[in-house]
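Novice: Need coordinates for the below:
(2 chains)
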Amino acid sequence: MEENSKKITRRDIIKGLATVPVVGAFAYSWYQKNRYDHLLKQAIQEEVRIDTENPVLNRVVSKDKQIRLGIIGTGGRGRSLLKAAGFLRPEIIDDYLEATAKNSTDKRYQEFLEQEDLNVVVNGLCDIYDKNAERGLQVCANVKRLGSDGEMADQPRRYKNYKDLLAADDIDAVIIATPDHWHGTITIEAARTGKHVYCEKPMTWTVPETYEVRKAVRENNIVFQLGHQLRQTEAYYKAKEAIKKDILGKVNLVEVTTNRNSPNGAWVYNIEEGAGTNNIDWEQFIGPAPWHPFSLERFFRWRCWWDYSTGLSGDLFTHEYDAMNQILDLGIPRSAVSSGGIYFYKDGRTVPDVLQQTFEYPDQDLTLMYSASLASNKSRGRVIMGHDAYMEVGGDLKIYVDSGSTKYREKLDEGLIDPKLPLYSFTPGMKQVDAITSATEQYFAGRGLLYTYRGGKRVDTSHLHIKDWLDCIRGGGEPSCNVDRGFEEAMTAHMGTIAYREGRKVYWDEDKQMIV
Amino acid sequence: MNKIINSDLSKMQVFWLAALRVLIGWHFLYEGLVKLTNPNWSAVGYLLDSEGLFKGLFYRMAGSETLLAAVDFINVWALILIGLVLILGVLEKPALLGGVALLALYYLSHPPFVGLKYGLPTEGSYLIVNKVLIELVAMLVLFYFPTSQRIGLCRLITNLKKSK
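Specialist: This next block holds a predicted model:
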């Protein structure tokens, strides 16, 4: 033993253990860093506690009773809604499978397979364009979600006129995905036949039918859902809670925007080859609109004309409005002014491609501002501005403290809150992103990269919105975008449109419940 | 044995090489621990931001749940263990090789070549050579000039063995 110890010199011990204190130094620094982060986190948590989740995801309603659907309008949007209900064209499934084979990160097929079975069947379909009707029939027959070599069910019955579909007794509920000028008329008639309605936005094309739709839905006790699927966005529930908890302080300005810069985004849709009077029922297309000789351009690009469309206000502002109405309970504004013009797409359209609308809510001491361009992609998002903080809401949610805030003054001065970093941020599928989270992580979270393939399951909001409607048909209750929310949406959009078209400030007379 | 292990190097040469080893170890250890203690961390974002010749390989890693879970696990624990042993000065050579392999993967997924663009922001300006590559080469230098027999637990362990 004595001999052994001689061989290990003091120098060996010192040099052998020389770097061990580094581990200690590391541990101490690690502890310091975590303590600092914890303090910051605590300071933030004292201000923000938000945990609301999407109620539609959590609701459990028995699906034993199969609901028999009819669909009116099986163009692009109609078929998207069928996908949300669980039906997809076999050719599209082929494409998905091919894409997955080429790139394993392409999970569209898997996601579609995982989409909850809503126990619905489509018994009737109506489209005035034969090609879209044929596509729709193929979609509805694909009940097993298979590719083109799979086994298909019988196709539903095709109705040439929507009235016949509404009269069918093997249909409980209808999805309406027609051009805007038909929304109100068909909804009213469907309600009168006792059919539940899921109607694409905007709810109506004219002011008078807005009252009629509300009346018909109420009198006939049907379940009505307006197609603002953003109602299901989880970030909006969080945003609503942040407002309720007064994290932003006094909200005084809300800014919402639309920016697009492509022909498709500006409604210059493709005119299909082979389409003509032989396969389009033009007379039924015109319906309540002023008569116009047959025009392929007007048929495929109907959103460009007031004759069938509600323009930017009805098509795109309504999404923004409904999002803010959900978060802030805005209701109908006291007044609206509007300006804009046809500045880029001088293709004979009558609806503007650049539009600014300002809505006043003096009772709530705030202004809602909408600004849109169909010829610039500069993304401006949605911002709710309060005295103490502002909030950016999209698929994710970020709250930043205002440098002039009264409420957070002390913490700002102490450096516990940095106005340049989000006080709170929520990304679906990620539980906690905040000022402490690493820049890289925040960056990926913001781009939506983190939740796409992992963690929180990605679900199609349209699917949830349809499910919300079906749940209410089966189990009672009001869908998230019911006829009252629809009434507010339609009236607000109409106010903006009237202000633009008549070049004047318009008012909402609360007592008379009318636009003046 | 000691003769092979850089007995020709001066004290200062050994000291600074060992310092480089410890600092790289510190960096690895911290990178690993940060990932380990963050419940939201995954390599998926980094992998999906890949460009260059091996982009497909990194996308495949991100595409499979099992593979991704394995990548995340190995990445975190390799960083921590390599970091720890480099600081302490044991198993220096296998740790350095492991570190080189990890850094090579990081470099190949985000090579700073002309024309490749990344979503992930960088904190500096790089053309072909970036800090990952420099750290990688530094680890190779350490591999050929090992120091743990002079400064590090390895010295103690070797001498203890010899003393028996």
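Novice: residue contacts, the closest residue to residue A:363 other than its chain neighbours?
Specialist: In space, and not counting its chain neighbours, residue A:363 is closest to residue A:334: 7.2 Å by CB to CB, 6 or more residues apart in numbering or on different chains. C-betas here are computed from N, CA, C, even on glycine. By CB atoms under 8 Å, 6 or more residues apart in numbering or on different chains, the residues touching residue A:334 are A:360-363, A:507-508.
Novice: how about 6 Å then?
Specialist: A:360, A:362, A:508 (CB atoms under 6 Å, 6 or more residues apart in numbering or on different chains).
Novice: Report the buried members of those residues.
Specialist: A:360, A:508 (16 or more other CB atoms under 10 Å in any protein chain shown).
Novice: Quick one: the contacts of residue A:334 as CSV, columns for secondary structure and pLDDT too.
Specialist: Formatted as CSV, those follow (DSSP: H, G, I helix; E, B strand; the rest coil; pLDDT from 0 to 100):
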residue, secondary structure, pLDDT
A:360, strand, 98
A:362, helix, 98
A:508, strand, 98
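Novice: I'd like to know which of the contacts of residue A:334 is nearest to residue A:393.
Specialist: residue A:360 (21.2 Å; CB to CB).
Novice: Next one: that closest one from chain B, what distance?
Specialist: In this view, residue A:360 and chain B are 40 Å apart by CB to the nearest CB, to the nearest Å.
Novice: Apart from its chain neighbours, what residue comes closest to that residue?
Specialist: residue A:335 (4.7 Å).
Novice: Residue B:110 too?
Specialist: Computed as CB to CB, 6+ apart, the closest residue to residue B:110 that is not its neighbour in sequence is residue B:118, at 5.9 Å.
Novice: Helix or strand for the one you found, just tell me which one.
Specialist: Applying DSSP states H and E as the criterion places residue B:118 outside every helix and strand.
Novice: And for it, the neighbour number?
Specialist: Per other CB atoms under 10 Å in any protein chain shown, the neighbour tally for residue B:118 reads 14.
Novice: quick one: it from residue B:9, how far?
Specialist: For residue B:118, the distance to residue B:9 (CB to CB, to the nearest Å) stands at 39 Å.
Novice: So which elements touch the helix or strand bottoming out on mean pLDDT in chain B?
Specialist: In chain B, no helix or strand scores lower on mean pLDDT, DSSP states H and E than helix B:44-48, which sits at a mean of 84. Counting contacts by 3 or more CB pairs under 6 Å, 6 or more residues apart in numbering or on different chains; DSSP states H and E, helix B:44-48 packs against helix B:55-63.
Novice: what's the burial count for residue A:76?
Specialist: Neighbourhood size, residue A:76 [other CB under 10 Å]: 11.
Novice: Remind me what the longest helix along chain B packs against, helices and strands.
Specialist: Counting residues, the longest helix found in chain B (DSSP state H) is helix B:11-37. Counting contacts by 3+ CB pairs under 6 Å, 6+ apart, helix B:11-37 packs against helix B:65-88.
Novice: The spatially most central residue of chain B: which element?
Specialist: Centroid-nearest residue in chain B, with CA atoms, centre = their mean: residue B:99, separated by 2.9 Å. Using DSSP H and E, residue B:99 sits in helix B:92-109.
Novice: report the angle between the axes of the next helix-or-strand element following that helix and helix B:65-88?
Specialist: Note on helix B:92-109: by DSSP H and E, the next helix or strand toward the C-terminus is helix B:131-144. If you take axes from the mean of the first three to the mean of the last three CA atoms, to 10 degrees, helix B:131-144 sits at 50 degrees to helix B:65-88.
Novice: Alpha carbons of the helix or strand that helix B:131-144 is followed by, as CSV, please.
Specialist: Downstream of helix B:131-144, the first helix or strand assigned by DSSP H and E is helix B:153-163. Output of helix B:153-163 as CSV, limited to C-alpha atoms (Å, rounded to 0.1, in the frame of the first residue of the first chain):
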residue,chain,number,x,y,z
LEU,B,153,-8.9,12.3,-14.9
CYS,B,154,-7.3,10.0,-17.4
ARG,B,155,-3.9,10.9,-16.0
LEU,B,156,-5.0,9.9,-12.5
ILE,B,157,-6.7,6.7,-13.7
THR,B,158,-3.7,5.6,-15.8
ASN,B,159,-1.3,6.2,-13.0
LEU,B,160,-3.6,4.4,-10.5
LYS,B,161,-3.6,1.4,-12.8
LYS,B,162,0.1,1.5,-13.1
SER,B,163,0.6,1.8,-9.4
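Novice: Show me what from chain B comes close to chain A.
Specialist: Chain B comes close to chain A at residues B:22, B:40, B:44-45, B:48, B:59-60, B:62-63, B:87-89, B:151-153, B:155-156, B:159, B:163, as judged by CB under 6 Å from any CB of the partner chain.
Novice: Next one: residue A:483 from chain B, what distance?
Specialist: Distance from residue A:483 to chain B, by CB to the nearest CB: 40 Å.
Novice: And for that residue, the neighbour number?
Specialist: For residue A:483, the count of nearby residues is 27 (other CB under 10 Å).
Novice: Could you double-check that it lies in contact with residue A:225?
Specialist: No. Between residue A:483 and residue A:225 there is no contact under CB atoms under 6 Å: 9.0 Å.
Novice: any idea of the mean pLDDT for stretch A:477-495?
Specialist: Taken as a whole, stretch A:477-495 has a mean pLDDT of 97.
Novice: Hmm, I typed the wrong one, I wanted stretch A:334-347.
Specialist: On average, the pLDDT along stretch A:334-347 is 98.
Novice: What of stretch B:156-164?
Specialist: Average pLDDT, stretch B:156-164: 87.
Novice: can you give me the offset of that stretch from its chain's centre?
Specialist: How far stretch B:156-164 lies from its chain's middle: 28 Å, per CA atoms, centre = their mean, to the nearest Å.
Novice: List the contacts of residue A:405.
Specialist: By CB under 6 Å, 6+ apart, the contact list for residue A:405 reads residue A:388.
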